[in-house]
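[1] take a look and give me a structure for this.
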Amino acid sequence: MPDIMLLLTCLSQSLDNTNRRRFICVVEGMLSMTGRVTMRGLSRWTERGGSYRTLQRFFNSSLSWGQLHWLLIRQHLLGDETEWLLAGDEVVVTKSGKKTHGLDRFFSSIFGKTVPGLCFLSLSLISVERRCSYPLRLEPIIKEAAETCPKAPKGDKDTDNGKSKSKSKGKGKDKGKDKGKGKGPGRPKGSTNRNRREVSLSPYLQFVQGVLRQVLALVSQTLTVRYFVFDGAFGHNQALQMVQQTGLELMSKLRHNAALHLPYDGPYGGRGRRRKYGAQLDYRQLPAAFLKATSVEGHIHTALYQMNAWHKTFPDLLNMVIIVKTNQHTGAQAHVVLFSSDLDLGYEKLIDSYHLRFQIEIYQPCNLRKTHRLIKGWVRVAASSGALPVTHATVRVRLNRLGSATGDVRNWCHGVPSVGLCAATGREFVVA
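    As a prediction, this is how the structure comes out:
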């Protein structure tokens, strides 16, 4: 335990002496106890100065958890790495009850429907050399922002307390009234061209941009982060413009049926502006000129293609990497369309960076499932921020990581960390 106190001395830059003493008591009890993690259980496992009332005072105080995480990372986990990625993901944790701050109904891709629970945006720093992620910020997403998230189904945007609003009875009878009044297909008369670089951000994207700016303000003096990696929820122009406004380049994924066009390289027609879009890409017959590498593993043939292509909803060219897998026995084919706003990025680095994004999938969802036990025991705490209990649980994971880095994890926690194999990268990882 004295080793833990030495590691936590760096937090004195953000914590006063009172909260630092309380925090050390909480950490000692959390890493020592067995069984269910609750407020009463923590108070029983802590030594002098860690009573139940003291723990309540600690969790009622307002703390900058993002800065605390960054102080631990900067002091103990940073090495000689020069290449870092910033990855994000949205996590929904099911939770019953009515008193937990931020509790509402959110869409969960695991269940395929809206579920009662808590929704969080997780941002992690990923070391390319160590191939490991360090969770940095965990922010609760408000309901208004979650409703504009691309992951949410269209039917859930007009819901009230999780129940769909009934459709108007006379809606079908009024369909034919608008015919012939200028609302048919085609461009409306008098409309002007729009600058697709000047977009109006949804409340969800404004929320993500605000958290991104806060994270960059924390790490910019120590690290140089150039790329932000997110899943397919950011595969649209509004998300790309939002990320570029923060000074980062986006790596993400498009839909499998995204309409991509090669740049037009034919002759000039002699009239009007030059053509911009060439032939549309056929994913089953991609041009051999863009083939970069092939491999065969068992009966699965993998082909990697890279090209610069246009998408009609994006204002600029995109760096596209298409991974095509073919079953040589059945002829079945599947593909994944990755893209980046950096046109000079190589295909190997783009694929590897998107693989590294799964480090946040490995650690963060598991951590949040562990955190579910903590939330149940802390629903009575009137915390000023709903992120306090969950964010504190990520500190426990951070300390386990510190123990892994210093070789003392088995002296801090009961049991030996389990080692698993990541299906995305084929590399081993430690589950705290």
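[2] what domains does the record give for this protein?
    Following automatic domain parsing, one finds the domains of the chain at 2-154+357-431, 254-266+274-343.
[3] tabulate those (a markdown table), appending distance to residue 211, mean pLDDT and mean neighbour count.
    C-betas here are computed from N, CA, C, even on glycine. Formatted as a markdown table, the domains of the chain follow (distance: least, C-beta to C-beta, whole Å; pLDDT from 0 to 100; neighbours: other C-beta atoms under 10 Å):
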| stretch | distance to residue 211 | mean pLDDT | mean neighbour count |
| --- | --- | --- | --- |
| domain 2-154+357-431 | 5 | 69 | 17 |
| domain 254-266+274-343 | 20 | 94 | 15 |
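[4] between these, which gets nearest to residue 231?
    Among these, the nearest to residue 231 by C-beta to C-beta is domain 2-154+357-431 (6.6 Å).
[5] to residue 246, which of the domains of the chain lies closest?
    domain 2-154+357-431 (9.7 Å).
[6] so what sits opposite residue 122 in the bridge?
    Residue 122 has these beta-bridge partners by DSSP bridges: residue 89, residue 138.
[7] wait, residue 28 touches residue 42, no?
    No: using C-beta atoms under 8 Å, residue 28 is not in contact with residue 42; the gap is 9.6 Å.
[8] now do the shared contacts for the two.
    Contact criterion C-beta atoms under 8 Å, 6 or more residues apart in numbering; residues shared by residue 28 and residue 42: residue 50.
[9] nearest to residue 235, out of the domains of the chain?
    Using C-beta to C-beta, the domains of the chain put domain 254-266+274-343 closest to residue 235, at 4.6 Å.
[10] so how far is the closest one off the chain centroid?
    Here domain 254-266+274-343 shows a centroid-to-chain-centroid distance of 25 Å under the convention C-alpha atoms, centre = their mean, to the nearest Å.
[11] Serialize the domains of the chain to JSON lines and add fields for distance to residue 245.
    Below are these laid out as JSON lines (distance: least, C-beta to C-beta, whole Å):
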{"stretch": "domain 2-154+357-431", "distance to residue 245": "15"}
{"stretch": "domain 254-266+274-343", "distance to residue 245": "12"}
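[12] which stretches of the stretch 151-300 of the chain have low pLDDT?
    Filtered on pLDDT under 70, the stretch 151-300 of the chain yields the residue ranges 151-183.
[13] most distant residue from the middle of this structure?
    Residue farthest from the centre of the chain, counting by C-alpha atoms, centre = their mean, is residue 270 at 47.9 Å.
[14] for that one, which three-state class applies?
    coil (DSSP: H, G, I helix; E, B strand; the rest coil).
[15] helices of the stretch 51-200 of the chain, start to end?
    All helices of the stretch 51-200 of the chain, identified by DSSP state H, counting those that start in this stretch, fall at 52-60, 65-72, 143-147.
[16] from the chain's centroid, how far away is the longest one?
    Pointing back at helix 52-60 there. 31 Å.
[17] export it to PDB, keeping only CA atoms.
    Below are the C-alpha coordinates for helix 52-60, written out as PDB (Å, rounded to 0.1, in the frame of the first residue of the first chain):
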ATOM      1  CA  TYR A  52     -19.100   6.000   5.600                       C
ATOM      2  CA  ARG A  53     -19.800   9.700   6.100                       C
ATOM      3  CA  THR A  54     -16.300  10.600   4.900                       C
ATOM      4  CA  LEU A  55     -16.800   8.700   1.700                       C
ATOM      5  CA  GLN A  56     -20.100  10.500   1.200                       C
ATOM      6  CA  ARG A  57     -18.400  13.800   1.600                       C
ATOM      7  CA  PHE A  58     -15.700  12.800  -0.900                       C
ATOM      8  CA  PHE A  59     -18.200  11.700  -3.600                       C
ATOM      9  CA  ASN A  60     -20.200  14.900  -3.000                       C
END
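[18] can you spell out which helices and strands pack onto it?
    helix 17-32, helix 39-45, helix 388-406 (3 or more C-beta pairs under 8 Å, 6 or more residues apart in numbering; DSSP states H and E).
[19] make it 7 Å
    Of the remaining helices and strands, those touching helix 52-60 by 3 or more C-beta pairs under 7 Å, 6 or more residues apart in numbering; DSSP states H and E are helix 17-32, helix 39-45.
[20] among these, which comes closest to residue 277?
    Closest among those, using C-beta to C-beta: helix 17-32, at 57.3 Å.
[21] of all the helices of the stretch 51-200 of the chain, which one is nearest residue 301?
    Of all the helices of the stretch 51-200 of the chain, helix 143-147 comes closest under C-beta to C-beta, at 40.3 Å.
[22] how about residue 217, secondary structure?
    Residue 217 ends up helix, using three-state DSSP.
[23] ok, it to residue 201 distance?
    19 Å (C-beta to C-beta, to the nearest Å).
[24] looking at these two now, which is surrounded by more residues?
    residue 201 (16 against 10; other C-beta atoms under 10 Å).
[25] quick one: contacts for the more buried one?
    209, 238, 242 (C-beta atoms under 7 Å, 6 or more residues apart in numbering).
[26] top of the residues you listed by neighbour count?
    Busiest of the contacts of residue 201 [other C-beta under 10 Å] is residue 242, holding 23 neighbours.
[27] quick one: that one and residue 207 touch, right?
    No: at 10.3 Å, residue 242 does not count as touching residue 207 under the criterion of C-beta atoms under 7 Å.
[28] residue 345: how many residues sit nearby?
    19.
[29] which one is it nearest to, not counting chain neighbours?
    residue 319 (5.6 Å; C-beta to C-beta, 6 or more residues apart in numbering).
[30] if the one you found is in a bridge, with which residues?
    Beta-bridge partners, per DSSP bridges, of residue 319: residue 308, residue 340.
[31] do you know how far it is from residue 108?
    32 Å.
[32] equivalent analysis for residue 71, please.
    With C-beta to C-beta as the criterion, residue 71 and residue 108 are 33 Å apart.
[33] swap in residue 272?
    Counting by C-beta to C-beta, the gap from residue 272 to residue 108 is 50 Å.
[34] shouldn't residue 349 be within a strand?
    No: Residue 349 is assigned helix when assessed by three-state DSSP, not a strand.
[35] which stretches of the stretch 251-400 of the chain form helices?
    Under DSSP H, counting those that start in this stretch, the stretch 251-400 of the chain gives helices at 347-356, 358-377, 388-406.
[36] put the alpha carbons of the shortest one into PDB.
    Spelled out, it's helix 347-356. Provided in PDB are the C-alpha atoms of helix 347-356 (Å, rounded to 0.1, in the frame of the first residue of the first chain):
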ATOM      1  CA  TYR A 347      -3.100   1.900 -46.200                       C
ATOM      2  CA  GLU A 348      -1.200  -0.100 -43.700                       C
ATOM      3  CA  LYS A 349      -1.200   2.700 -41.100                       C
ATOM      4  CA  LEU A 350      -4.900   3.400 -41.600                       C
ATOM      5  CA  ILE A 351      -5.800  -0.300 -41.200                       C
ATOM      6  CA  ASP A 352      -3.500  -0.600 -38.200                       C
ATOM      7  CA  SER A 353      -4.900   2.500 -36.500                       C
ATOM      8  CA  TYR A 354      -8.500   1.300 -36.900                       C
ATOM      9  CA  HIS A 355      -7.400  -2.000 -35.400                       C
ATOM     10  CA  LEU A 356      -5.900  -0.200 -32.500                       C
END
